[in-house]
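[1] A structural model of the following input is requested.
(one chain, ligands or ions: 1)
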Amino acid sequence: MQKWAIAATWPFGRRAVEVGSRLLDEERNGIDVVEQAIRAVELDPTVDSVGVGGIPNYEGEVELDAALMRGKDLAIGAVAGVKSFPNPISIARLVLEKTPHHLMVGDGAERYADAHGLKRDSLLTSSSLEKWKKRRQRQVQITDERWGTGHDTVGVVVLDKAGGITAGTSTSGLALKLPGRVGDSPLPGSGLYADDTAGAAVATGCGELIMRGCLSYAIVELMRSGATPQQACADALGRLVARLEKEIPVRNAHQDMTKMAVLAMDRDGNIGAAANHADFDFAYCLAEDREVRLERAKMIGV
Ligand code: SD4
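    Sure thing, here's the model as predicted:
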């Protein structure tokens, strides 16, 4: 039997893993698998931090970031600050496969999606609008420590039957973010990284901290040097926490603005995860038994 494996961040990643594992079994390539797995989460309005129903920015508009990375040639397709498209991951795929570019933002990315026939739709739901109104009534300011509360990314890592490694991410970013703010998720090396010769990693949590440590790249390079995915996640996140903790309370984090979590897979489909808080669950499925499982990541340094 040829190996395949898929893992995705958070309990809502279960949906991504269910969709992706079926496609992997049918021998679809990693790009197809990651795109379809992430689309399923983007289209679910009950997931309040990704795609339709995502968390609006300070002005009440949903702005999305997404990316795909192909480990065969290190090619990237990423979009940032995209409005009114339910599936930014599909725009990211267009960027990867049809343009000479790797990262497109805002209006330009939207017009490119229009030109390729992707459909616009409203991303606000009655529930996301209600939550936004309540947040704004509390007049949460950028300097308020509650600011940014409530944010998650779907991050997916895949080993396909041909041995290809692929990673993808999609998120609405931080609650009440300033319009134009971009997180780690569409940034190669920070929110995601994939290399067929070493493995893949994705991150979720406060993008402003994750990007300071280029966490996903750091994890993949540790795997290249022989670390298991578990060791690589704990080591890379541990180094960033140790580096920042004098300035920022990032050890045993309780505030959303200091939480970080990472998920990785090596070339053999082994999976690892780590967080600087106690609440990070991820979903995964392996070819061996085809069971979709949820697991809690180890918290580092305690
Ligand atoms: C961001 N990393 O935009 C994303 C948000 C997230 O768990 O993943 N939160 O900063």
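
[2] let me see the ranges of the strands in the stretch 201-302 of the chain.
    Using DSSP state E, counting those that start in this stretch, the strands of the stretch 201-302 of the chain run over 260-266, 271-275, 281-286, 293-296, 298-299.

[3] neighbours of the closest residue to residue 38 other than its chain neighbours, how many?
    The shortest distance from residue 38 to any non-neighbouring residue, by Cβ to Cβ, 6 or more residues apart in numbering, is to residue 89 (4.2 Å). Placement of C-beta: from N, CA and C, glycine included. Residue 89 has 30 neighbours, counted by other Cβ atoms under 10 Å.

[4] okay, now the residue in the stretch 201-302 of the chain positioned nearest to the ligand: neighbour count?
    Closest residue of the stretch 201-302 of the chain to the ligand, Cβ to the nearest ligand atom: residue 207 (2.4 Å). By the measure other Cβ under 10 Å, the count of residues near residue 207 is 27.

[5] for residue 27, same thing?
    11.

[6] what kind of secondary structure is it in?
    Here residue 27 is recorded as coil under DSSP: H, G, I helix; E, B strand; the rest coil.

[7] which bits of the stretch 51-200 of the chain sit near the ligand?
    Contact residues (Cβ under 6 Å from any ligand atom) of the stretch 51-200 of the chain with the ligand: 151-153, 171, 173-174, 183-185.

[8] make JSON lines out of those residues and add pLDDT and neighbour count.
    As requested, those are arranged in JSON lines below (pLDDT from 0 to 100; neighbours: other Cβ atoms under 10 Å):
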{"residue": "151", "pLDDT": "77", "neighbour count": "25"}
{"residue": "152", "pLDDT": "90", "neighbour count": "25"}
{"residue": "153", "pLDDT": "95", "neighbour count": "29"}
{"residue": "171", "pLDDT": "97", "neighbour count": "29"}
{"residue": "173", "pLDDT": "95", "neighbour count": "27"}
{"residue": "174", "pLDDT": "91", "neighbour count": "23"}
{"residue": "183", "pLDDT": "97", "neighbour count": "26"}
{"residue": "184", "pLDDT": "98", "neighbour count": "31"}
{"residue": "185", "pLDDT": "98", "neighbour count": "31"}
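
[9] biggest separation within these, which pair?
    Using Cβ to Cβ, those reach their maximum pairwise distance at 152 and 184, which is 12.6 Å.

[10] once you drop chain neighbours, what's closest to residue 56?
    residue 132 (4.5 Å).

[11] show me what contacts the one you found?
    Contacts for residue 132 (Cβ atoms under 8 Å, 6 or more residues apart in numbering) come out as 55-56, 60, 176.

[12] of these, just the buried ones, ChimeraX syntax please.
    Listed next is the ChimeraX selection for buried residues among the contacts of residue 132, using 16 or more other Cβ atoms under 10 Å:
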select :55,56,176
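
[13] what helix or strand is residue 78 on?
    strand 75-82 (DSSP states H and E).

[14] go on, residue 194?
    Assigned by DSSP H and E, residue 194 falls in strand 192-195.

[15] and that strand, what other elements does it pack with?
    strand 64-70, strand 165-171, strand 199-205, helix 215-224 (3 or more Cβ pairs under 8 Å, 6 or more residues apart in numbering; DSSP states H and E).

[16] check whether the last one comes near the ligand.
    Same thing as helix 215-224. No: figure legend: helix 215-224 not in contact with the ligand (Cβ under 6 Å from any ligand atom); closest approach 10.3 Å.

[17] got a list of contacts for that helix?
    Identification of contacts with helix 215-224 by Cβ under 8 Å, 6+ apart yields 167, 184, 188-195, 197-203, 229, 231-233, 235-237, 239-240, 260, 262, 264, 266.

[18] now the residues you listed: which count as buried?
    The neighbour-count test (16+ other Cβ under 10 Å) marks 167, 184, 188-195, 198-203, 229, 231-233, 235-237, 240, 260, 262, 264, 266 as buried among these.

[19] part of a helix, is residue 33?
    Yes: checked against three-state DSSP, residue 33 lies within a helix.

[20] so residue 256 is in contact with residue 204, correct?
    No: counting by Cβ atoms under 8 Å, residue 256 does not reach residue 204; the two are 11.2 Å apart.

[21] the two - which one has more neighbours?
    Comparing residue 256 with residue 204 by other Cβ under 10 Å, the one with more neighbours is residue 204, at 29 against 19.

[22] now stretch 68-84: buried residues?
    Residues 68-72, 75-84 are the ones in stretch 68-84 that count as buried (16+ other Cβ under 10 Å).
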